[in-house]
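**Q** With the input below, show me the fold.
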Amino acid sequence: MSANPALFINFSTKASRSLVRQVLQPHSEFGLRTQDIFKSIHEKFPDAKEDPKYVPDVDLELTKTLRNQQRYPEFPKHPVRSMKHLKSNILPDMVQSGEVQEVTLAPSSSSSSSSPSGETQTLVKYKYLPPLKKVQETIPHCILPPNVKMEWRWRLVPEYIFNQAEEDERQDLDWDRVRKIREGENRVRMERERHRQLRKQERKRRERGGTGIRMGRNGRKS
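**A** Here you go, the predicted model:
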């Protein structure tokens, strides 16, 4: 596989989804924050490994350079290699498949926002996708930590929990196909950039009174 760090996968796998489900299972009511999911996964499953075909073979010197530039994941061979991968790829995939939902917690803003004991109540909103809808309820006690006004969390959708006897039957994406698609997209981007630079050079030459660069139908100089 190419040593290009951009070739780290940008989608979830069975291994990564399984780890998320396992750490969210005990928190079925209010879920966990993204950072708590990440921390829990690496505390409970530090030795978990992603399928090698999804891990780019980056040489040692390049790895050091990328780490110094903060462009290399903290755990490159782990199914949940970084917070960014969890937040940008794994959780959104699980939301779209109906496994996970976003939960928002905030102090209740109603006039009767205190429980009989005087404790502030918590407004909890559950977002369901698809279809887009929100369900909310008021909890008669404070769930948020002190001085925290709002939290965004993730939990397993209850309907999914009830059907969790069914294994994750979604097949992982074919990496060779993904790689070929990306290579094609990169070639298109490079060709567009080449044309942009040629047009830029032509404008500059015209501004200086030069003859300019004529471009044929194939985009080459003539």
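**Q** Please make it C-alpha for all contacts and neighbour counts, starting now.
**A** Noted.
**Q** Identify all contacting residues around stretch 39-51.
**A** Applying CA atoms under 8 Å, 6 or more residues apart in numbering, the set of residues contacting stretch 39-51 from outside is Ala15, Ser16, Leu19, Val20, Val23, Lys77, His78, Pro79, Val80.
**Q** what's the farthest-apart pair in those?
**A** Spatially, the most separated pair among the contacts of stretch 39-51 is Val23 and Lys77, at 19.3 Å (CA to CA).
**Q** more neighbours, the two?
**A** Just comparing Val23 and Lys77: by other CA atoms under 10 Å the higher neighbour count belongs to Val23, 22 against 17.
**Q** would you say that one is within a helix?
**A** Yes: the assignment for Val23 (DSSP: H, G, I helix; E, B strand; the rest coil) places it in a helix.
**Q** got a list of what it touches?
**A** Counting by CA under 8 Å, 6+ apart, Val23 touches Ile37, Ser40, Ile41.
**Q** Which member of those residues is positioned nearest Asn89?
**A** Ile37 (14.0 Å).
**Q** now the contacts of stretch 39-51 in a markdown table, with distance to Leu123, secondary structure and pLDDT?
**A** Output for the contacts of stretch 39-51, formatted as a markdown table (distance: CA to CA, whole Å; DSSP: H, G, I helix; E, B strand; the rest coil; pLDDT from 0 to 100):
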| residue | distance to Leu123 | secondary structure | pLDDT |
| --- | --- | --- | --- |
| Ala15 | 33 | helix | 93 |
| Ser16 | 31 | helix | 95 |
| Leu19 | 28 | helix | 96 |
| Val20 | 25 | helix | 96 |
| Val23 | 24 | helix | 96 |
| Lys77 | 39 | coil | 89 |
| His78 | 36 | coil | 94 |
| Pro79 | 34 | coil | 95 |
| Val80 | 31 | coil | 96 |
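**Q** ranges for the helices of the chain?
**A** 14-24, 34-44, 60-68, 83-85, 91-96, 158-162, 175-207 (DSSP state H).
**Q** Would you mind listing the buried residues in the last one?
**A** The neighbour-count check on helix 175-207 (16 or more other CA atoms under 10 Å) flags Leu198, Arg199, Glu202 as buried.
**Q** where's the closest residue to Pro73 other than its chain neighbours relative to Gly184, distance?
**A** Beyond its immediate neighbours in the sequence, the residue positioned closest to Pro73 (CA to CA, 6 or more residues apart in numbering) is Ser82, lying 5.5 Å away. Computed as CA to CA, to the nearest Å, the Ser82 to Gly184 distance reads 27 Å.
**Q** Walk me through the domains of this protein.
**A** According to automatic domain parsing, the chain comprises the domains 5-173, 174-210.
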